[in-house]
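Participant: 3D model of this:
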Amino acid sequence: MDKNRLKLTSSEIGTLWGEFVNGTMTDVVNRYMVSIIEDKPIKAIFESAIKTFEKQKQQIVTFLEKEGFPVPIGFNESDLFKGKQRLFTDIFCLNYLHIMSLHGLLGHSTALGVSVRKDLREFYDSCDNDAKKMYHQTIELLLDKGNFQRDPLFYPNKNPEYISNQDFTDGFFGKGRTLAATEVISISFNLKKSIMAKTLSIAFSQVAQTKEVRKFLAASEKTADGQIKAFSKIMQADNLPAPKSWETEVTTSTDSPFSDKLMLYHIGFLFQAAQTYHGTGLASAMRTDLVTTYESTILKNLLVTKKWFNLMVENKWLEQPPLAPNRKEIAEEV
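Facilitator: Below you'll find the predicted structure:
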């Protein structure tokens, strides 16, 4: 068997398709942000991110075209309105790039995990290395500027211990124990993602051009805010700090730099990605109040994504990914 002539599987095509659409979305946002950023070190990181994706984009196009698949439309210059007023501060832009680098890391790891052909594995290895580099750069710069909020500190016990009673799972009525470090991982992670979703919903709702999109964005902001409050309450009950909000990093501009299609898709992407993170948090939760909070959050996110899907389809903005052959239709055509 010639390993270099293997046809790409459905999963491999699916990851390339998703990488292209989501990557072009982020690239448009990055191109806007680099045009407004005044801080030179922050601007340099964005310029690097744009160059990196341009290289990756060309490789994705080559993979798809060689397999005979059409290149997705994704997002492009038509979704970016140049010369518009500043919508975000430099610090928010840096935080945005940091969070999206995290999404990239997780996405590339998933893509690598379903890839078999060597050239595709090597491609995702390269993408993963690029995302790691960006992750390190954004953290270092946020730390230098005093704008990176680290997760809460715990203090060590003298010895390791076993769970000794059933109350370990009780998080209600003050009878339960404090949060475990393994639970804080997902709570903090999900809080940061919800804060990003809320902030972008606020910013996009200010500048969206159509009433239906503004209405959806206002609703998504309320959903994200409710999730922030729910998880922050759990943290604060144990006297642990919750991550700070970024709403004040959004200006009062009503001048849209993006198409409604891009803004709506972006919020949907964040809520869909959050389902994975909430599911991980649910799997690691050992307190009943945490389990209940995650279950409620997942249900509310599903309601948001259902409305998002309907609105995207109504506007003919949602691209269809490659589908499995419909054997019944093929047979009827013969």
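Participant: And the pLDDT for K222?
Facilitator: In the prediction, the pLDDT value recorded for K222 is 96.
Participant: Count the residues that sit near it.
Facilitator: Residues near K222, counting by other CB atoms under 10 Å, number 14. For the C-beta atoms, the positions are set from N, CA and C on the backbone; glycine is no exception.
Participant: Which positions in stretch 44-53 come out as buried?
Facilitator: For stretch 44-53, the buried set under the neighbour-count rule, 16 or more other CB atoms under 10 Å, comprises I45, F46, S48, A49, T52, F53.
Participant: Check those residues and tell me the two furthest apart.
Facilitator: I45 and F53 (12.9 Å; CB to CB).
Participant: what's the domain layout of this structure?
Facilitator: For the chain, automatic domain parsing gives the domain ranges 8-144, 169-314.
Participant: P156 is nearest to which of those domains?
Facilitator: P156 sits nearest to domain 169-314 of all the domains of the chain, at 10.6 Å, using CB to CB.
Participant: residue ranges with poor pLDDT in the chain?
Facilitator: Counting by pLDDT under 70, the ranges of the chain that qualify are 1-4, 166-176, 334.
Participant: what helix or strand is Q272 on?
Facilitator: helix 260-284 (DSSP states H and E).
Participant: elements contacting that helix?
Facilitator: When contacts are defined as 3 or more CB pairs under 8 Å, 6 or more residues apart in numbering; DSSP states H and E, helix 260-284 sits against helix 10-36, helix 181-207, helix 211-237, helix 288-314.
Participant: what angle sits between it and helix 288-314?
Facilitator: Orientation of helix 260-284 against helix 288-314 (axes from the mean of the first three to the mean of the last three CA atoms, to 10 degrees) gives an angle of 160 degrees.
Participant: List the buried residues in helix 260-284.
Facilitator: For helix 260-284, using 16+ other CB under 10 Å, the buried residues are 260-271, 273-274, 277-278, 281-282, 284.
Participant: where exactly do the helices run in the stretch 51-200 of the chain?
Facilitator: Along the stretch 51-200 of the chain, counting by DSSP state H, counting those that start in this stretch, helices occupy 90-113, 118-144, 181-207.
Participant: Mind checking those for the one nearest to N301?
Facilitator: Proximity to N301 (CB to CB) singles out helix 181-207 among these, at 9.8 Å.
Participant: by contact count, what packs against the closest one?
Facilitator: Where contact means 3+ CB pairs under 8 Å, 6+ apart, helix 181-207 is packed against helix 90-113, helix 211-237, helix 260-284, helix 288-314.
Participant: outside of stretch 63-82, which residues touch it?
Facilitator: Stretch 63-82 has contacts (CB atoms under 8 Å, 6 or more residues apart in numbering) with 7-8, 13, 16-17, 20-21, 23-25, 27-28, 31-32, 35, 61, 120, 123, 256-259, 261-262, 265, 319, 322.
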